[in-house]
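A.B. asks: just the structure for this:
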Amino acid sequence: MTRWSALVTLLVGLAVAAYLVGANEPDEILRLLGAVGWWGMLAVLALRLPQILFAALGWAPLIDAPGRPGWGALVRMRWIRDAVNALLPVAQVGGDVVRAQLLVRCGGTRTVPATASVAVDLATELAALFAFAAIGLAVLLHLPHRGDATGWLVAATALCGAMAFGFLAAQRRGLFRLVERLLPRMTVGSARAGRAAAGMAGLHEAVLRLHRAPRRLWSSGAAHLASWLLGTLETWAALRLLGIEVGLAEALVIESLGQLARSLGFMIPGALGVQEGGFVLACGLFGIPPEQALAFALIRRIRDIALGLPGLVAWRWGAMAEARAAAAAAGTARRTPPR
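C.D. replies: Next up, the predicted model:
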């Protein structure tokens with residue numbers, strides 16, 4: 001995604017979000033947010049942490065390297081990935097590029113296995129989201145709800161499934177072999193980019209090795225599904241803090257359909273506007289007014305900011321520390337006389 005297209009989609013998303021808030025009693029939305037309080041927000045933040053942990057557990061089986069980092073390092077990389085996707089003006093795959101780079105910098109994992117692990121992890125996470133959305137849709141059909149949106153929801157869920165399994169099939173059929181062939185042509189004239197493209201040789205085979213290990217794929221998908229399901233607790237808690245009487249079944253439907261909307265808006269930075277619209281539609285199925293639905297959506301945005309800003313700081317701090325260490329090592333090498 002180019003810088004200009006990212007900016008345009010960001011502005012469109014911001015305009016949609018601003019319209020939704022402005023058209024639905026912004027004073028009431030602010031009052032609802034104020035009623036949640038600091039302790040309520042801390043509870044929402046705490047419920048987000050197990051989701052990050054299980055998402056990291058979903059990535060771990062796909063890292064085909066003897067020097068795989070420990071759980072703490074993987075959780076940190078996933079945290080930074082989510083921060084980049086939520087807060088920076090990039091499509092919702094920019095954070096995955098960053099976490100692949102972080103994995104390489106940790107040492108013990110070369111560029112190709114790191115990139116392959118992220119690519120396959122994206123596919124298994126999307127497949128788990130499809131399963132989560134299908135569960136949510138099945139639960140919805142057994143609950144009393146308003147509106148006649150079932151057809152649209154079935155279509156959106158089917159589209160998510162097509163994206164997930166299409167991505168998996170493309171990986172098996174040679175998507176990354178094509179990437180290997182195109183990268184050298186796209187980096188003509190840049191020596192540094194050319195070296196990076198040459199370093200991606202063997203990516204297709206690395207991806208295929210992961211696809212030939214079904215236990216790894218199923219382990220990854222199961223952990224990601226657990227992460228999605230844990231989001232139900234966060235949604236239930238946030239809605240209850242807003243004074244909305246819902247059960248876990250309704251919270252599961254709202255969370256699954258809201259995350260489905262977010263994933264379909266992956267080209268918009270942070271799915272701005274798309275996520276808010278998705279939660280308004282999902283909450284409307286149970287008669288929750290738009291003001292309360294938008295207050296809930298804004299709680300999620302506040303959560304993203306509260307967890308994301310420290311994540312971005314940790315990312316940049318780590319990069320600066322590595323740069324200082326590299327500069328110090330180079331200076332030491334220049335001062336050391338030859339034997």
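A.B. asks: just the pLDDT at F176, thanks.
C.D. replies: Model confidence at F176, given as pLDDT, is 85.
A.B. asks: can I assume it is in contact with A119?
C.D. replies: Yes - look at F176 against A119 with CB atoms under 8 Å: they come within range, at 6.9 Å. The way it works is simple: take the backbone N, C-alpha and C, and place the C-beta from them, glycine included.
A.B. asks: so for these two, which residues contact both of them?
C.D. replies: The contact sets of F176 and A119 overlap at V207 (CB atoms under 8 Å, 6 or more residues apart in numbering).
A.B. asks: show me where pLDDT drops low in the stretch 51-200 of the chain?
C.D. replies: For the stretch 51-200 of the chain, the stretches with pLDDT under 70 are 91-92, 147-148, 183-199.
A.B. asks: rerun that using 80 as the cut-off
C.D. replies: Low-confidence segments of the stretch 51-200 of the chain (pLDDT under 80): 67, 89-93, 107-108, 146-151, 180-200.
A.B. asks: and the closest residue in space to Q171 that isn't next to it in sequence, how far from L143?
C.D. replies: Nearest non-adjacent residue to Q171, counting by CB to CB, 6 or more residues apart in numbering: V207, 5.3 Å away. Distance, V207 to L143, using CB to CB, to the nearest Å: 40 Å.
A.B. asks: out of the two, which sits in the more crowded spot?
C.D. replies: V207 (26 against 13; other CB atoms under 10 Å).
A.B. asks: show the pLDDT at the more buried one.
C.D. replies: 93.
A.B. asks: now for it: which residues touch it?
C.D. replies: When contacts are counted by CB under 8 Å, 6+ apart, V207 touches 116, 119-120, 171, 176.
A.B. asks: the residue nearest the centre of the chain: which element?
C.D. replies: With distances taken as CA atoms, centre = their mean, the residue of the chain nearest its centroid is D82 (5.3 Å). Using DSSP states H and E, D82 falls within helix 71-87.
A.B. asks: quick one: buried residues of the helix or strand immediately after that helix in the chain?
C.D. replies: If you walk from helix 71-87 toward the C-terminus, the next helix or strand you reach (DSSP H and E) is helix 94-105. Within helix 94-105, the residues that count as buried by 16 or more other CB atoms under 10 Å are 94-96, 98-104.
A.B. asks: for these, which one is nearest A249?
C.D. replies: Of all those, G95 has the smallest distance to A249: 31.2 Å, by CB to CB.
A.B. asks: now do the contacts for the closest one.
C.D. replies: Contacts of G95 by CB under 8 Å, 6+ apart are 80-85, 88.
A.B. asks: likewise L168?
C.D. replies: So L168 contacts 123, 127, 211 (CB under 8 Å, 6+ apart).
A.B. asks: ok, the last one to Q171 distance?
C.D. replies: Applying CB to CB, one obtains 7 Å for the distance of H211 from Q171.
A.B. asks: identify the contacts common to those two.
C.D. replies: The contact lists of H211 and Q171 share V120, where a contact means CB under 8 Å, 6+ apart.
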